[in-house]
Each structure stands twice: as C-alpha cells, then as structure tokens.
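Peer 1: have a look at this prediction, sequence included:
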Amino acid sequence: MKLSRLAGGSAGELGDIDIAGLTADSREVRPGFLFAALPGVRHDGTEFVPQAVASGAVAVLAGRSLDAGVPLITGQDPRRCLARMAARFYRSQPETVVAVTGTNGKSSIVWFLRQIWAAAGINAACLGTLGVTTRNGHYPGSLTTPDPVALQRRAAALANDGVTHLALEASSHGLAQRRLDGLRLAAGCFTNLSHDHLDYHSSVEDYLEAKSRLFAELLPKGAPAVICADSEHGATIAGRAREAGLRVVTYGRSGADVAYRVLEADLDGQHLEIDAAGERARVRLPLVGAFQAENAIAAFTLATVLDSGRRGALAALAGLTGAPGRLQPAGRSAGAAAFIDYAHTPEALRAAITALRPHTAGRIVTVFGCGGDRDRAKRAVMGRIAAELSDVAIVTDDNPRTEDAAAIRAEIMAACPGGIEIGDRRRAIVRAVSMLRQGDIALIAGKGHETGQIVGDQVLPFDDLSVTGEAMEALT
Ligand SMILES: CC(=O)N[C@H]1[C@@H](OP(=O)(O)OP(=O)(O)OC[C@H]2O[C@@H](n3ccc(=O)[nH]c3=O)[C@H](O)[C@@H]2O)O[C@H](CO)[C@@H](O)[C@@H]1O[C@H](C)C(=O)N[C@@H](C)C(=O)N[C@H](CCC(=O)O)C(=O)O
Ligand SMILES: Nc1ncnc2c1ncn2[C@@H]1O[C@H](COP(=O)(O)OP(=O)(O)OP(=O)(O)O)[C@@H](O)[C@H]1O
Ligand SMILES: N[C@H](CCC[C@H](N)C(=O)O)C(=O)O
Ligand SMILES: [Mg+2]
C-alpha cells in the first residue's frame, strides 16, 4: 500500500513509497516496513529508529519530529495513528464488532455472546484472554487485547473467512494504548470496575478514564452502550456514554432494559427469570454462580440490542457452555465438589467465593495466591477477603514470575488470619481436596484456564483443572 494512503493522505509528496508492512517493534521490521516509534513504559521507541532503518524500514511514524533518514510521519498521538494505519493496511473487519470492557467478566461475556450468535446461525468469533474462537476452532493468544497491528490483521483474516460478528475484550491497557482505535465498533459493554492494574494506571480515576475511552471516544454516535446497572461505576460510565451521544441500555438485577433474578440454584445451574422488552421469561442456565448469570445476561442484552431475536437468544442461554476456567466444575466425589476459577483480583475472589456459598451447606476451602510482577496492593486485600469469606484459606503460589514466591505469600499471609501457607501449588490443591467432607466445596482460584506456571522466565506445565480433577478422583 502507498504511504500516502496508509497515512490517510497526510504524507504529502513523500507518499509514493510502497509499504510492505508495519510494526512498533524494531526487532520485527522487515524490508519495506513502516516503523512506529512509540513512547513506552520502559523505552522511547524513537531510540530504535536507526536499528529499524538498518533492518529495512522505509518510513517512520513518531510523536515528534526527528531525523530518521527516511520519510517521517508525525502525529500527536502516534499510537492512535498506528491503529488507524493498521486498519487501512489490512482493510477489512467483521461487519459487527462488539467490545466489552470492565475489570471482571469480559472473557465470559464474549465467550457467551459468540455462542448466542452461533445459535442464531451467525458466523461469529470471540477474541480475548482465551485467544480467538470461531466455529472452526480455538487459537490461543497471549494478550487480552492484541497490539493494533495484530488486532487489525486478525480482524481482517476473520472477515475474509466469512466471520460477520466479532465480540472482543477491551482491556484497560488496550484502551489506554489505543490498540482498538482502528476498529469500527457496533456496540460496547461495561461490566464493573474494581481494584486491578494499579501498577500500570496511576489511580482508580486513571483506570476508569481508560475504560471510559471506549464510550467517550471509540463508539460511534447512536451506538448502544450496554452497561451493568448493578456496578458501582455504571452510572458514571452511562453519563459519559450519554454525553457522547450513545444509546444507553442497562442490564442486571436492577437493569432498566433487561432485569433478571435468580429463582433457584443448584450445583449444575440456576433458574433465571428475565424481564426484557415488556416480556417475562424463565430460563434454566446450565452454569453455576451469581456472576455467571450476570455475564450471561450481559451477552443476552448485547445480542438482542443488536440483531438477534429475543426468543432464539433465550434458547441459546439454556445451552451455554461455560468459559474455560471460569467457575468450571473440576470434579465431584464423596458428596463434595471442586471448582477452578480465574479470580486473580480482590473483587473476583469475593465474587467467586460468594457465588459458591448458596451451593453448599458445608465449608468452602479456597486455594489462591497472587501473581508476581503485578500490582502488589491487591495481595493483602485478597488475603483479607479469602480469610473472611471462606471457611479454610490456603495460600499458595500463582505465577511468581521474577519475584520471590515466598515474599508474595508473606504479603498475603500478613492479612489472612488462619490461612494455611503451602507454596507448592499441587500440594496445596491436594491438601484442600483431602480436607473435603460431604457437602464441602473446594475453590481453586487465580489461574483458571492457564496451562503453565510462570517461574522466573520459565513456563512450567501446570493445569489446575487436571491437578484438581485427579485429586478429586482420589477422594473417597
Ligand atoms: C505494560 C504494557 O502494556 N506494555 C506494552 C507497551 O510496552 P512498553 O510501553 O513497555 O514498551 P517499551 O518496552 O517501553 O518500548 C517502547 C516501544 O519501543 C519498542 N521497542 C522496544 C525494544 C526494542 O528493542 N525495539 C523496539 O522497537 C516497543 O515495541 C514499544 O513499542 O507497548 C508494547 C507495544 O506497543 C506492548 O507490546 C506492551 O505490552 C506488553 C507485551 C504486555 O505484557 N502488556 C500487558 C501488561 C497487557 O497489555 N495486558 C493487558 C491487560 C490484561 C488484563 O486485563 O488482565 C492485555 O490486554 O493483555
Ligand atoms: N460479572 C462479574 N462480577 C464479578 N466478578 C466476576 C464477574 N465475571 C467474572 N468474575 C470473576 O472474574 C474472573 C475472570 O472472569 P473473566 O475472565 O470473564 O473476566 P475478564 O474481565 O476477562 O478478566 P481478565 O481481565 O483477567 O481477562 C472470574 O473467574 C470470576 O472470578
Ligand atoms: N492478564 C492478567 C492475568 C493474571 C493471571 C494471574 N494468574 C496472575 O498471574 O496474576 C495479568 O497478566 O495480569
Ligand atoms: Mg479476559
């Protein structure tokens, strides 16, 4: 593609060069590429311009003027320019793209929405922490919201494969770093906001600001903003959405547009009563836990506010398959049950333990830890929540990464009175399961679908689901 077209006409007389690809990483530059020199957390990408040019970059995008020795495009917001260039470069995207943001629930909602669409015969995909899922299969990914070049490349590949509907996760990093700024969005969803990533965002306000970009800046006027009415920050986001000319739609126990209540719950699912568009319906959701009902209702609201019929969407709820690692059953024996869950934030841990409480007359034994090289402030809070809400709390290792695992556990233990410390995750799980008596539940939290444990720079194979399942089988 010609540089002038790629730049949206802003490259002036230098725009006749052909651009073969684009990247923000000098190590990935190939001959004929445009290199985007972006300001980062650790480096300023302009440091790498000489290296990029030496590797064959024929144009540079930067936030300020500099002597690159090749045509230079400057923009005040180079991350946004890169996202838009990537969209022009890869050209297509699925017709309907929905972005879901919030601290918790994103992966679950996009996972459910894809299934509701698929049940209506739509060729749909979802993209996020769990990777990309289409009707043809599942492709693992690494980031929740990929960088804009990878994201636009993927969106185009999906569209070229006939995918018309895409539900994707908009992480706060992704929104702050403009990774989604090249997409044409049809609707947005806000779930909730609670303590997370305060190592990256300077304050809760800054974190909320990143999330609100989806509504204030990215969605086109008139698009639906689907917001959880039960969330503390829902009203703030709804205000921002209205100011931006969006159509606010709320869901939840107190939702104005889609309201629901749980009538009955057991270890295999729950009966919901749903009020939407002046009609009341009952559905059996084959998933456990209050937060899963909330996420399923979010997906139902998104589907119906766009183009899916209400009746089909209700029927699809009854057939939903849970997202891997989200309150996923991991075995039942001797009258006890075990679940694994991806709760790695304080509110998620609270939601997971609270979700299981109505399902047991017995005790809840919680196994959890905290990841290294991540927000330290959440460790004590998670310790307190686990101690308060569970009957037994076992503190173990999550992904220590480059930190000292014992030091992470000590920060949790300091706020987890009565907690039992077992660093080795397998031993912690086996111990938790061995404590179970008739009616008890074990909750193995923090790693959900992950299949490795990150220790230093190594990823050691580890899977909560199979370790817990084996321990449950051995329980008599
Ligand atoms: C903290 C964070 O979000 N970092 C992202 C950020 O990197 P950075 O600001 O640290 O980059 P940097 O190292 O300072 O370098 C600045 C620039 O120079 C470039 N560079 C760097 C070195 C070099 O040799 N050559 C070169 O060109 C880098 O590619 C970058 O563009 O910008 C990079 C490129 O634009 C991203 O790839 C990188 O994501 C890294 C991989 C990452 O791990 N991000 C995680 C924390 C993340 O985004 N997580 C979210 C949230 C998940 C959740 O909600 O739980 C996600 O969406 O997954
Ligand atoms: N609606 C919700 N309210 C509160 N907690 C929730 C909700 N949905 C999910 N959770 C908790 O958050 C965990 C992660 O859920 P999910 O993967 O759907 O969220 P996410 O926003 O994609 O998270 P991440 O940012 O880590 O990708 C769940 O395992 C559960 O513990
Ligand atoms: N996307 C999140 C996942 C955290 C998962 C948890 N197991 C941990 O390692 O803290 C992160 O990278 O912060
Ligand atoms: Mg996710």
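Peer 2: That came in fine, so what should we check first? Keep in mind that what you see is a predicted model, and the values were worked out from it rather than measured. Numbers count the residues shown, from 1 in each chain. Ligands and ions are numbered 1, 2, ... in the order given.

Peer 1: pull out the buried positions in the helix or strand of the chain with the lowest mean pLDDT.
Peer 2: Sorted by mean pLDDT, DSSP states H and E, the helices and strands of the chain end with helix 204-213, the least confident at a mean of 82. Residues of helix 204-213 classed as buried by neighbour count (16 or more other Cβ atoms under 10 Å): 207-213. In short, each C-beta sits where N, CA and C put it, glycine included.

Peer 1: between these, which is closest to ligand 4?
Peer 2: Here the nearest of the buried residues of helix 204-213 to ligand 4, counting by Cβ to the ion, is residue 211; it sits at 13.6 Å.

Peer 1: tell me the pLDDT at the nearest residue to the closest one once chain neighbours are set aside?
Peer 2: Computed as Cβ to Cβ, 6 or more residues apart in numbering, the closest residue to residue 211 that is not its neighbour in sequence is residue 101, at 5.1 Å. At residue 101, the model reports a pLDDT of 96.

Peer 1: re the thing from before, with just CA atoms, put the least confident helix or strand of the chain into CSV.
Peer 2: Output in CSV follows, covering the C-alpha atoms of helix 204-213 (Å, rounded to 0.1, in the frame of the first residue of the first chain):
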residue,chain,number,x,y,z
VAL,A,204,-8.6,4.3,40.1
GLU,A,205,-9.6,7.5,38.3
ASP,A,206,-7.0,7.0,35.7
TYR,A,207,-8.1,3.3,35.3
LEU,A,208,-11.7,4.5,35.0
GLU,A,209,-10.7,7.1,32.4
ALA,A,210,-9.0,4.4,30.3
LYS,A,211,-12.2,2.2,30.4
SER,A,212,-14.4,5.2,29.6
ARG,A,213,-12.5,5.9,26.3
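
Peer 1: buried ones in stretch 178-193?
Peer 2: 178-183, 185-193.

Peer 1: wait, does that stretch contact ligand 2?
Peer 2: Yes: against ligand 2, stretch 178-193 shows contacts by Cβ under 6 Å from any ligand atom at 191-192.

Peer 1: and that stretch, how far out from the chain's middle?
Peer 2: Stretch 178-193 sits 12 Å away from the centroid of its parent chain (Cα atoms, centre = their mean, to the nearest Å).

Peer 1: close to ligand 1, is that stretch?
Peer 2: No: figure legend: stretch 178-193 not in contact with ligand 1 (Cβ under 6 Å from any ligand atom); closest approach 7.4 Å.

Peer 1: so is residue 358 in a helix, a strand, or just coil?
Peer 2: helix (DSSP: H, G, I helix; E, B strand; the rest coil).

Peer 1: adjacent strands (with direction) for the next helix or strand after the least confident helix or strand of the chain?
Peer 2: Helices and strands here follow DSSP states H and E; after helix 204-213, the next one along the chain is strand 224-228. Sheet pairing of strand 224-228 (DSSP bridges) gives strand 187-190 (parallel), strand 247-252 (parallel).

Peer 1: please enumerate residues in contact with strand 224-228?
Peer 2: Residues outside strand 224-228 that contact it (Cβ atoms under 8 Å, 6 or more residues apart in numbering): 102, 187-192, 215, 219, 234, 237-238, 241, 246-252, 255, 294, 298, 301-302, 305-306.

Peer 1: can you point out the buried residues in that strand?
Peer 2: Buried residues in strand 224-228, counting neighbours by 16+ other Cβ under 10 Å, are found at 224-228.

Peer 1: any residues of this protein in contact with ligand 2? List them.
Peer 2: Contact residues, the chain versus ligand 2 (Cβ under 6 Å from any ligand atom): 102, 104-108, 129, 144, 169, 191-192, 291, 294-295, 326, 341-343, 347-348, 351-352, 448.

Peer 1: remind me which residues of the stretch 1-150 of the chain are low pLDDT?
Peer 2: 10-15 (pLDDT under 70).

Peer 1: and the residues of the chain next to ligand 2 near ligand 3, which?
Peer 2: Filtering the residues of the chain next to ligand 2 for proximity to ligand 3 by Cβ under 6 Å from any ligand atom leaves residue 144.

Peer 1: next step: the residues of the chain next to ligand 2 restricted to strands.
Peer 2: In strands, defined here by DSSP state E, the members of the residues of the chain next to ligand 2 are 169, 341.

Peer 1: identify each buried residue in stretch 397-404, please.
Peer 2: Using 16+ other Cβ under 10 Å as the test for burial, stretch 397-404 gives 397-401, 403.

Peer 1: go on, stretch 292-301?
Peer 2: 292-301.

Peer 1: pLDDT added to the residues you listed, as JSON lines?
Peer 2: JSON lines is the format used below for these (pLDDT from 0 to 100):
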{"residue": "292", "pLDDT": "97"}
{"residue": "293", "pLDDT": "97"}
{"residue": "294", "pLDDT": "98"}
{"residue": "295", "pLDDT": "98"}
{"residue": "296", "pLDDT": "98"}
{"residue": "297", "pLDDT": "98"}
{"residue": "298", "pLDDT": "98"}
{"residue": "299", "pLDDT": "98"}
{"residue": "300", "pLDDT": "97"}
{"residue": "301", "pLDDT": "97"}
